[in-house]
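>>> what's the 3D shape of this:
(2 chains)
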2 protein chains.
Amino acid sequence: MIKIFCGNIVHAPKFGELEIIEHGYIALKDGVIAYIGQEMPTDWAVYEFNYFYDRLIMPSFCDMHLHAPQYPMLGMGMDLPLLDWLNTYTFKTEARFCDTEYAREVYAKLAQELIDNGTTRVVTFGSIHTDSTLILMEEFENAGITGYVGKVNMDRNGGTNLEETTEESIRETERWLERCADFKYIKPILTPRFTPSCTNELMSALGKLAKTHDLRVQSHLSENTSEIAWVGDLHPDCKQYWETYDKYGLWKSHTVMAHCVHSDKRERDAIKANDVVVAHCPASNVNLVSGVAPIRTMLDEGLWVTLGSDIAGGDVLSMLGVITEAIKSSKIKRIESNWTKDFLSVAEAFYLGTTAGAKYFGGGDGFAIGDKFHAVVIKDSDAIDVKQLSIRERFERAIYRTKEQDIIAVYSDGRRVK
Amino acid sequence: MIKIFCGNIVHAPKFGELEIIEHGYIALKDGVIAYIGQEMPTDWAVYEFNYFYDRLIMPSFCDMHLHAPQYPMLGMGMDLPLLDWLNTYTFKTEARFCDTEYAREVYAKLAQELIDNGTTRVVTFGSIHTDSTLILMEEFENAGITGYVGKVNMDRNGGTNLEETTEESIRETERWLERCADFKYIKPILTPRFTPSCTNELMSALGKLAKTHDLRVQSHLSENTSEIAWVGDLHPDCKQYWETYDKYGLWKSHTVMAHCVHSDKRERDAIKANDVVVAHCPASNVNLVSGVAPIRTMLDEGLWVTLGSDIAGGDVLSMLGVITEAIKSSKIKRIESNWTKDFLSVAEAFYLGTTAGAKYFGGGDGFAIGDKFHAVVIKDSDAIDVKQLSIRERFERAIYRTKEQDIIAVYSDGRRVK
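Residues are numbered from 1 along each chain as shown, chains lettered A, B, ... in the order given. I've put the predicted structure just below:
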């Protein structure tokens, strides 16, 4: 089945480089990109022609770190630093997800808002509750989202309503993993919340599961200085935070580590050497007064940096918003560093929010031949000077100014989902 | 003519203090607030009853610094520091406003977007072009905006297409002032762009006009270190930037100074002593890598601080966005200052975007008896947990999450304008 798309194509095959094809064409064979270029492909019998004429067609977005059960508190309670924020607001909110009906209501809304904003691939934290996490996976799958969801493990420091016993956490994780075979687009990812939430015994069991089931892992790293000090107290044998994951086989290729605000050279070297993925969460790092992550340094050193909304520490679910927050955060770093660190260009931040994330899901460089089609179509025809501006200028404005309703079509894994 | 409004009223009569009246009432007599309270006023014959039941009713917003002719470049070209940014993008964009038809198209759209986002009072830069500035005033007035607009003065350093002769600048300013009597809601404000744009002769003439016509003044102050150094070179007799305005009678009560990022104690003392108004532009200060303004310090010292979108150095026109940017900026300051400076609470930043600005236009504390009604009505009924959350929590979420379409009614100077 051949589908052809026509429009102004903008994608980022390489970091910092946009490829722009004005009135260009993309052809899909069974949802997979078979052609991209300036000329209309004529050698196939076309089943469906999608003529987006003067619209912008660009890759859809990858949110590499978000907490689904924090969606109800989005936009509230950002007046405390991380550990106090967790205990005061967050754990209480997540505890409500023992109620599967509530989970259904919340997760259906979250899935819809993600798709409406062009986020088609995610790496997501659920809560400790197995059944609600399965509902999250169902709702994501139904909405057309692709990616990873994790049942959270926490057998200590969760307060009265958000803790499992070690045995329960392991048993429920196994039960959850058995049920995950039901899903086509959403896969499981092991999710020890962060080192202070998991006993050594639990970490060890998760490390074994990661190995026997060949599972990916997500967690948090070096977000806040008090957190880092606490981790040091809990693991006096480890020199640095990352080693508390490494000790149990959780620090490995494709492990996603959110934040990494305070990761020094040694920790960054360990990230790079092990093909660990940094999920940079610029809005959350400011909202919880965690710090400003050294993203340019990480990129210069060759680390794999992606972006996360980190709701509800982050206040912005749209990845367009997260991309502009990443630019702003890098400009703060430029101010802080006495202008020695370049800030991120729009093209660079766009790469982090699209291609860098897509690679986690097996994607290639931008709209790459052989990849499933993940795309948004943006309407900017009501804006000023549309006819006079270059596509590059319109692209830049679209990154800053696109609203939900301007995203007129979304494709995920070859299917139209909005 | 009596109008009564019912809804969940939230306003900020004092800095940092919200007054919340759940299912409360506001009564207007001829557009002026005559009553606010918990009980339904029954002693008047009501002409119109506006039952907003469970909606949020709060004061509309004051944008104390924006550049109307930069609206076409909103969301683009924020990759350069101030002086390069002005020469590369901004002056070229503003030069297009010699075309009054273009001005009409752009300013009508800007006025509509301001109203749609609940901004009803403004202090605005036009361009050097008298006729286009009059069109801006017309379009603002037609859309229902209240406030000040200035024809910009610049007789040096504007490049080939954006400079007046000194004589022309004075003559055109006088011609413009004569025409301003035509407007009811929009008043003129003298607008020397910034010291590098105006010769001493022009500054002196504007100072005289300010006095003879009893006019207010707006300009820029200490935004960027290169700018400050340049001002120092131009005025070797002045110790500090502000003195270049003071020398010509432009530094006086109700002079609005945008940015003040690098204003030290001595400059801040001069701001306070002269009842000068700081228009804090948090988004722009980051986008142009200018710095992070010391807002908490200014507030502690008793300066009059308000907020500005500063489009198009700022990328956010909605004042709800500017309020959250101000909070974020203050959190960056908290990080920078090793946690010695408190960040702004949501209530504090809301005060800066509403009451602090309203006072510039003669308004009182929040919804004050005797003030013309300036308000927005926000619908948040589709959000999660609406029935369980307190009005304070819903207010906080509304500040972070309200979209244009959630603002279902806007009142300006007693009139419904959306």
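
>>> What strand or helix carries residue A:148?
strand A:146-150 (DSSP states H and E).

>>> quick one, what contacts whichever residue of the stretch 301-418 of chain A sits closest to chain B?
As assessed by CB to the nearest CB, chain B sits closest to residue A:400 within the stretch 301-418 of chain A, at 3.4 Å. Any C-beta I mention is one placed from the backbone N, CA and C, and that applies to glycine too. Taking CB atoms under 8 Å, 6 or more residues apart in numbering or on different chains as the criterion, residue A:400 is in contact with A:320, A:324, B:74-76, B:315.

>>> Please tell me how far the most centrally placed residue in chain A sits from residue A:412.
What sits nearest the mean C-alpha location of chain A, by CA atoms, centre = their mean, is residue A:64, with 1.6 Å. For residue A:64, the distance to residue A:412 equals 16 Å [CB to CB, to the nearest Å].

>>> Residue A:336 too?
Taking CB to CB as the measure, residue A:336 and residue A:412 are separated by 38 Å.

>>> between those two, who's got more neighbours?
Set side by side, residue A:336 and residue A:412 show more neighbours around residue A:412, with 27 against 17, by other CB atoms under 10 Å in any protein chain shown.

>>> quick one: which of the contacts of residue A:400 sit in helices?
A:320, A:324 (DSSP state H).

>>> Am I right that the residue of the stretch 301-418 of chain A closest to chain B sits in a helix?
Yes: according to DSSP: H, G, I helix; E, B strand; the rest coil, residue A:400 belongs to a helix.

>>> tell me the contacts of the nearest residue to residue A:347 once chain neighbours are set aside?
Nearest residue to residue A:347, sequence neighbours excluded (CB to CB, 6 or more residues apart in numbering or on different chains): residue A:18, at 4.8 Å. Applying CB under 8 Å, 6+ apart to residue A:18 gives the contacts A:10-12, A:347, A:350, A:392, A:395.

>>> Give me the sheet partners of whichever strand or helix holds residue A:18 and which way each runs.
Residue A:18 is part of strand A:17-29, with elements assigned from DSSP H and E. Partner strands and pairing direction for strand A:17-29 (DSSP bridges) are strand A:2-14 (antiparallel), strand A:32-37 (antiparallel).

>>> I'd say residue A:228 and residue A:239 touch.
No: if you go by CB atoms under 8 Å, residue A:228 and residue A:239 don't touch, sitting 11.8 Å apart.

>>> more neighbours, those two?
Between residue A:228 and residue A:239, residue A:228 has the larger neighbour count (other CB under 10 Å), namely 18 against 11.

>>> which residues touch that one?
If you count contacts by CB under 8 Å, 6+ apart, residue A:228 has them with A:222, A:241, A:262.

>>> Get me the contact residues on chain A for chain B.
A:71-72, A:74-77, A:79, A:105-106, A:109, A:283, A:286-287, A:289, A:291-292, A:315, A:324, A:328, A:331-332, A:334-336, A:339, A:343, A:345-346, A:384-385, A:393, A:396-401, A:403-405 (CB under 8 Å from any CB of the partner chain).

>>> Looking at the stretch 101-250 of chain A, what residue ends up closest to chain B?
For the stretch 101-250 of chain A and chain B, the shortest gap (CB to the nearest CB) falls at residue A:106, measuring 5.9 Å.

>>> host element of that residue?
helix A:100-116.

>>> Now tell me what touches that helix from outside.
With CB under 8 Å, 6+ apart as the test, helix A:100-116 has contacts from A:63, A:68-69, A:71-72, A:96-97, A:120, A:122, A:129, A:131-132, A:135-136, A:139-140, A:142-145, A:317, A:404, A:407, A:410, A:412, A:417-418, B:384.
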